[in-house]
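In: need a structure here:
(one chain, ligands or ions: 2)
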Amino acid sequence: MAKKYIIAFDQGTTSTRTILFDEHAKVVAISQKELTQHHPESGWVEHDPMEIFRDQQATFREVLKTSGISIEAITGIGITNQRETTVVWNKKTGEPIYNAIVWLDNRTHEICDRLKKKGLQTYIAENTGLVIDSYFSGTKLAWILDHVKGAREKAEKGELLFGTIDSWLIYKFTKGKQHVTDHTNASRTLLYNIKELQWDGRILDVLKIPKGMLPLVQTSSSYFGDVDIDGHRIPILGVAGDQQAALFGQGGFTPGIAKNTYGTGCFMLLNTGTEAVSSKNGLLTTIACSLPDTEIQYALEGSIFIGGASIQWLRDNLLLIKNASETESICEETQELKDLYVVPAFAGLGAPYWDSEAKGAMYGLTLDTGKNEIIKATVEALALQTKDVLNAMQQDCNKKVQQLQVDGGASANNYLMQFQADMLNVPVERPKMLEVTALGAAFLAGLHAGVWELSELNKSREIERLFQPIMDNLVREEKYKGWLTAIERTKSNHE
Ligand SMILES: Nc1ncnc2c1ncn2[C@@H]1O[C@H](COP(=O)(O)OP(=O)(O)O)[C@@H](O)[C@H]1O
Ligand SMILES: O=P(O)(O)OC[C@H](O)CO
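Out: Ligands and ions are numbered 1, 2, ... in the order given. Next up, the predicted model:
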């Protein structure tokens, strides 16, 4: 019998990748391209949507070339993407009218303040599961309509379309035939009612967004159209935002499973089943995934804006390291400085604080502080921020998370993972295969294609290492107490 392959497009904040999986969910080939980051003003982050599309095509072709697998052997494609990042394009020409405004961009904090002044916090929390913050797509879309000449009139005439990166890629790959998204991506826009499962008329009115520019929302594992490339057509059968895809790839389709992905940011998601748990502690309620003929599953999410990006900052701005992986041995060899903290609020503070105007800070500098101490405190900040969100999650659910499953680029760092287990006082489990985001998208597509059954998906999962907490309780408590003080001092409204 002919072998079946599934392709995953993984379009992340810093890179665009295509990964080819075989029917045993093993990686056969990967191709990756770095994505250019544009910072036209302080706090602004943009991507070129055409570069994203070109890179996705190029990595797809490259994977086919290096693997030697013929395009006919590809059963389906799954797409996973950086979420919230907003693209507006011309329906007829397929040309973007502005660069993609990236999730990290906080130019819309004034629009957010206006929404807060209108008293919309409770309505938005109850209906979208989100908080009012420039992180989400809604205010980014409103900004484009307000600032690009003629955009609002064109949008009202039905000439413009909006999408997150999944919608954009599908539109381009299907040559303009499909304008669609899935439930997980829709749930990150601030415009989608996660209980009624439809675009929210009241929020669209407040932001003056014409409903006609929004994509059709589909089940994450369903038919989204055909990729039309080099004279071939391959069906897109799965779509999910990257953090939900990672949860799915980690086997998080059962309630109670929590994962944390250490990429550009850090994103912890806990599957809460068919119950949309509202947070009282600064977390988000989001759609975990949607499968055909199954009730929607929800998750609680703690979104940390700066995770691995702070390691890139050490490398590219401070020139303290040459590559990210060096940080592991530096941390192992450097003595702990008790009161030294780096709070990487470079894009404000996300969960559970939601302070878009906070700026990064370093505390506790003395004459003993050298570059290695700063590196170590920066690495440790990933784990300390994660503790903030895990605490919030445990309070919201009123139960202890038993174990944390990890993935993402920075989860390769053994020092960080051990420190994480120590800080949380919870075992940290790292799978052998760290490409779980792409795997989640491949699973969604493979399920729809009939390559796999839901009950089989966990069979391919292998654990590479379990980090058990070993830190003394007093040491842990002292370290965390110091961190909370550093956070208080970093908040934009501190005394
Ligand atoms: N060994 C390491 N230690 C610490 N951080 C690392 C390590 N390896 C990679 N990183 C960080 O992980 C991030 C890349 O992870 P990845 O999952 O590819 O991110 P994304 O999907 O957000 O583009 C980068 O920000 C990088 O600095
Ligand atoms: O591209 P990543 O992996 O940093 O993920 C970005 C998130 O989806 C933002 O919400």
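In: what about the nearest residue to Asp355 once chain neighbours are set aside, neighbour count?
Out: Once flanking residues are discounted, Asp355 sits nearest to Leu349: 4.4 Å by CB to CB, 6 or more residues apart in numbering. For the C-beta atoms, the positions are set from N, CA and C on the backbone; glycine is no exception. Neighbour count for Leu349, taken as other CB atoms under 10 Å: 27.
In: So Leu349 versus ligand 2, what's the distance?
Out: According to CB to the nearest ligand atom, to the nearest Å, Leu349 and ligand 2 sit 15 Å apart.
In: Backbone dihedrals for that residue, please?
Out: Leu349 adopts backbone torsions of phi -110, psi 130, taken as degrees, to the nearest 10.
In: so it makes contact with Lys359?
Out: No - Leu349 sits out of contact with Lys359 when judged by CB atoms under 8 Å, with a separation of 9.6 Å.
In: Are there residues contacting both of the two? Which ones?
Out: Thr490 (CB atoms under 8 Å, 6 or more residues apart in numbering).
In: coming back round to it: now do the contacts for the residue nearest to Asp355.
Out: Phe305, Asp355, Ser356, Ala358, Ile487, Thr490, Lys491.
In: so how far is Asp48 from it?
Out: Counting by CB to CB, to the nearest Å, the gap from Leu349 to Asp48 is 28 Å.
In: distance of the residue nearest to the spatial centre of the chain from Leu115?
Out: In the chain, the centroid-proximal residue (CA atoms, centre = their mean) is Gln243; its distance is 4.5 Å. According to CB to CB, Gln243 and Leu115 sit 24 Å apart.
In: who touches Thr59 in this structure?
Out: Counting by CB under 8 Å, 6+ apart, Thr59 touches Thr16, Arg17, Thr18, Ser31, Gln32, Lys33.
In: Report the secondary structure state of it.
Out: helix (DSSP: H, G, I helix; E, B strand; the rest coil).
In: Would you mind measuring from it to Ile165?
Out: Taken as CB to CB, the span from Thr59 to Ile165 is 14 Å.
In: Show me which residues of the longest helix along the chain are buried.
Out: Across the chain, the longest stretch assigned as helix under DSSP state H is helix 371-397. For helix 371-397, a neighbour-count test (16 or more other CB atoms under 10 Å) marks 372-394, 396-397 as buried.
In: now the helix or strand bottoming out on mean pLDDT in the chain, how far from the centre of its chain.
Out: Scoring the helices and strands of the chain by mean pLDDT, DSSP states H and E places strand 225-229 at the bottom, with a mean of 91. Put simply, strand 225-229 sits 25 Å off its chain's centre (CA atoms, centre = their mean, to the nearest Å).
In: returning to what we had before: give the next helix or strand downstream of the longest helix of the chain.
Out: strand 404-407 (DSSP states H and E).
In: Packing partners of that next one?
Out: Packing partners of strand 404-407 (3 or more CB pairs under 8 Å, 6 or more residues apart in numbering; DSSP states H and E): strand 258-262, helix 414-424, strand 428-431.
In: what is the rounded mean pLDDT of the shortest one?
Out: Okay, so that is strand 428-431. Mean per-residue pLDDT for strand 428-431: 95.
In: which residues are contacting that strand?
Out: Taking CB under 8 Å, 6+ apart as the rule, strand 428-431 contacts 250, 403-407, 411, 417, 420-421, 461-467.
In: switch to 10 Å and redo it
Out: Strand 428-431 is contacted from outside by 249-251, 259-260, 383, 386, 403-407, 411-412, 414, 416-422, 439, 460-469, using CB atoms under 10 Å, 6 or more residues apart in numbering.
In: and the residues you listed near ligand 1, which?
Out: Ala412 (CB under 6 Å from any ligand atom).
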